[in-house]
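Student: My questions are about this predicted structure, shown below with the sequence.
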Amino acid sequence: MDLHADFLIIGSGIAALRAAAELSGAGDVLILTKAEPEEGNTGYAQGGIAVAIGPDDSPSLHLSDTLAAGDGLCDEAAVRVLVEEGPRYVRELIDWGVRFDREENGEPALAIEGAHSARRVLHAKDATGREIGRALWQRASALPGIAAHTHARVVDLTVEDGECRGACFLDASGAQRDARAGAVLLATGGAGQVYRETTNPAVATGDGIAMGFRAGATVADLEFVQFHPTALKVEGQPRFLLSEALRGEGARLINADGEAFVSRYESAGDLASRDRVSRAIAREEARTGRPVYLSLQQLDPDYVHRRFPLISDACRRAGLDLARDPIPVGPAAHYVMGGVVTDLDGRTSVPGLFAAGEVACTGVHGANRLASNSLLEGLVFGARAAHGMIDRKGVWTPAADDCRSGTVRDAAVDTADIRRLMWEKVGLFRERTTLREAVARLEELWQPLTRYLRSDGRLDSNGWRAANLLTVGRLIARAAERRQESRGAHYRDDFPARDDVKWKRRITERFEGTDG
């Protein structure tokens, strides 16, 4: 049986749940998520949520820091919305039961992270995203008119007469079903799994970007991929994120000889922006031929384990003591600044289709995301997208036929090969020859896939995963090849300088249904 609602939300992270809470009472809301709600990127956000509520802070200062991190490409209007509306929405979270850490006097405890000029990061130990997700899920699930279906893998958007009218999904049994709605929100999170080395969970395969692109929505800024500098780097262990809050509390990056080294490459040292610290680590490893470590040995061990219990546990499973041992670290793909282009109310270029959170490109992050701005963006723009959906509210219509006909098959694409290719050729350091090699290989895989999909071919769940990774990887590589400068998280060895004359603009792309 097909599903229908006034509003369809694809995803279950902070943007999705905040939108659902806002939509309650305006119509029936249907949430589709391909795993359990806690498996998205929101639950993996350790450090915190940045918001200007401290005595030495202000929205204007938060604005300035965000614009500086974005390296000339932020949409200032979007950033103003973020920093000016953020405090209200965060106080609302507290009213809804989010348990942020507090000082002894009861005031919220505020941390500082790289490229921030004030302490403004609210946190719940090192599980901030999980705590926010818990409270939002608890609230949304108790509101009237909201229904959620887990293990529903949305594979394509339904576009009829130029308007998005729903989505096609695979249920837990693998059967293909249709969900219809008057307005659809993409809140599917990130795409870190496009890279071999990533801090992202297995579900972060860029589904929303790929689906939005195939539906004809404009995408932008996909060359800007943020590599987090400190992921646990132990053979046989997952690349667990070691939050930037560790360095904010005094952790130091050291080389194999115990020497602090980041200031050799960056004047701001360990609290420089993430892209610069990531490149400093890679350069130090290349210079010495030896590993790089994160050290908290100068801090109180009891405080370290109390403040960062999840990270301590992850290190313990790898045979390390976070407070006493040098922790081997290295960069890993973390956050995609680009995505499906939206206005300030989540509208995409396809009528009826909205986007919020990491899948969207609001222009807030520009060329590089300021640490801990992502949860705030999902919160603020998830609520704003809901307002846009209410304004757009249409009437769901019965499906004319199945989402797709044709034979089910896999994508015949080696995802490990794609992820390796992206890491080696479209990673921290980029240059013309290797980018062209990457684009050529991805195009070679892309063309037969698009021909198959245009012929109404159907894929199984693994096939759609491969197709989405290929789609997003291709978009990232093409944009990186086109941008002949270095800016923010995008670094070209052959064009190491920023070029505002030619490149202070966004690179956009739109699938026209032919070759993209």
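Tutor: On my side now, so go ahead.

Student: Lowest-scoring secondary structure element of this structure by mean pLDDT?
Tutor: The weakest-scoring helix or strand in the chain, judged by mean pLDDT, DSSP states H and E, is helix 41-44 (a mean of 54).

Student: helices or strands up against the following helix or strand past that one?
Tutor: Secondary structure here is assigned by DSSP states H and E; on that basis, the next helix or strand after helix 41-44 toward the C-terminus is strand 49-50. Applying 3 or more C-beta pairs under 8 Å, 6 or more residues apart in numbering; DSSP states H and E, one finds that strand 49-50 makes contact with strand 121-122, helix 373-392. Where C-beta positions appear, they are placed from N, C-alpha and C, glycine not excepted.

Student: got JSON lines for the ones you listed, with mean pLDDT, mean neighbour count and distance to residue 457 too?
Tutor: Shown next, in JSON lines, are the helices and strands packed on strand 49-50 (pLDDT from 0 to 100; neighbours: other C-beta atoms under 10 Å; distance: least, C-beta to C-beta, whole Å):
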{"stretch": "strand 121-122", "mean pLDDT": "94", "mean neighbour count": "27", "distance to residue 457": "47"}
{"stretch": "helix 373-392", "mean pLDDT": "96", "mean neighbour count": "26", "distance to residue 457": "31"}
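
Student: Could I get the ones you listed in a markdown table, plus columns for distance to residue 417?
Tutor: As requested, the helices and strands packed on strand 49-50 are arranged in a markdown table below (distance: least, C-beta to C-beta, whole Å):
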| stretch | distance to residue 417 |
| --- | --- |
| strand 121-122 | 38 |
| helix 373-392 | 29 |
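
Student: residue ranges of the helices in the stretch 1-150 of the chain, please?
Tutor: 14-23, 41-44, 59-69, 76-95, 128-142 (DSSP state H, counting those that start in this stretch).

Student: excluding its backbone neighbours, what's nearest residue 11?
Tutor: Leaving out its chain neighbours, the residue that sits closest to residue 11 by C-beta to C-beta, 6 or more residues apart in numbering is residue 187, at 3.6 Å.

Student: Assess the claim that the one you found and residue 23 are in contact.
Tutor: No - contact status for residue 187 versus residue 23: not in contact, 11.9 Å apart, counting by C-beta atoms under 8 Å.

Student: shared neighbours, those two?
Tutor: Common neighbours of residue 187 and residue 23 (criterion: C-beta atoms under 8 Å, 6 or more residues apart in numbering): residue 9.

Student: more crowded one of the two?
Tutor: More neighbours sit around residue 187 than around the other of residue 187 and residue 23, counting by other C-beta atoms under 10 Å; the figures are 33 against 28.

Student: Next one: that one from residue 378, what distance?
Tutor: The gap separating residue 187 from residue 378 is 8 Å, by C-beta to C-beta, to the nearest Å.

Student: which residues do these two both contact?
Tutor: Common neighbours of residue 187 and residue 378, using C-beta under 8 Å, 6+ apart, are 13, 15, 356, 357.

Student: Can you pick out the most distant pair from these?
Tutor: Pairwise distances across the shared contacts of residue 187 and residue 378 peak at 9.5 Å for 13 and 356 (criterion: C-beta to C-beta).

Student: Show me the common contact partners of those two, please.
Tutor: By C-beta under 8 Å, 6+ apart, residue 13 and residue 356 have these common neighbours: 187, 378.

Student: Between the two, which has more neighbouring residues?
Tutor: Each of residue 13 and residue 356 has its neighbours counted (other C-beta under 10 Å); residue 356 has more, 36 against 33.

Student: Need the pLDDT of the closest residue to residue 297 other than its chain neighbours.
Tutor: Nearest-residue entry for residue 297: residue 324, 6.3 Å, with adjacent residues in sequence omitted and distances by C-beta to C-beta, 6+ apart. On the pLDDT scale, residue 324 is placed at 96.

Student: which residues touch residue 339?
Tutor: Contact partners of residue 339, counting by C-beta under 8 Å, 6+ apart, are 208, 209, 212, 219, 220, 221, 222, 355, 358, 359, 360, 361.

Student: Who does the fifth one form a beta bridge with?
Tutor: Note on residue 220: beta-bridge partners residue 339, residue 508, judged by DSSP bridges.

Student: Am I right that it is in contact with residue 507?
Tutor: Yes - A contact is recorded between residue 220 and residue 507 when judged using C-beta under 8 Å, the distance being 6.5 Å.

Student: Pick out whichever of these two has more residues nearby.
Tutor: Each of residue 220 and residue 507 has its neighbours counted (other C-beta under 10 Å); residue 220 has more, 23 against 20.

Student: Relative to residue 267, how far out is the residue nearest to residue 11?
Tutor: Distance check for residue 187 against residue 267: by C-beta to C-beta, it reads 38 Å.

Student: before we move on, what about residue 168?
Tutor: Going from residue 168 to residue 267 by C-beta to C-beta gives 52 Å.

Student: re the thing from before, ranking by neighbours, what's the top pick from the contacts of residue 339?
Tutor: Comparing the contacts of residue 339 by number of neighbours (other C-beta under 10 Å), residue 358 comes first, having 34 neighbours.

Student: Can you report how many residues neighbour residue 302?
Tutor: By other C-beta under 10 Å, 9 other residues sit near residue 302.

Student: should've said residue 172
Tutor: 10.
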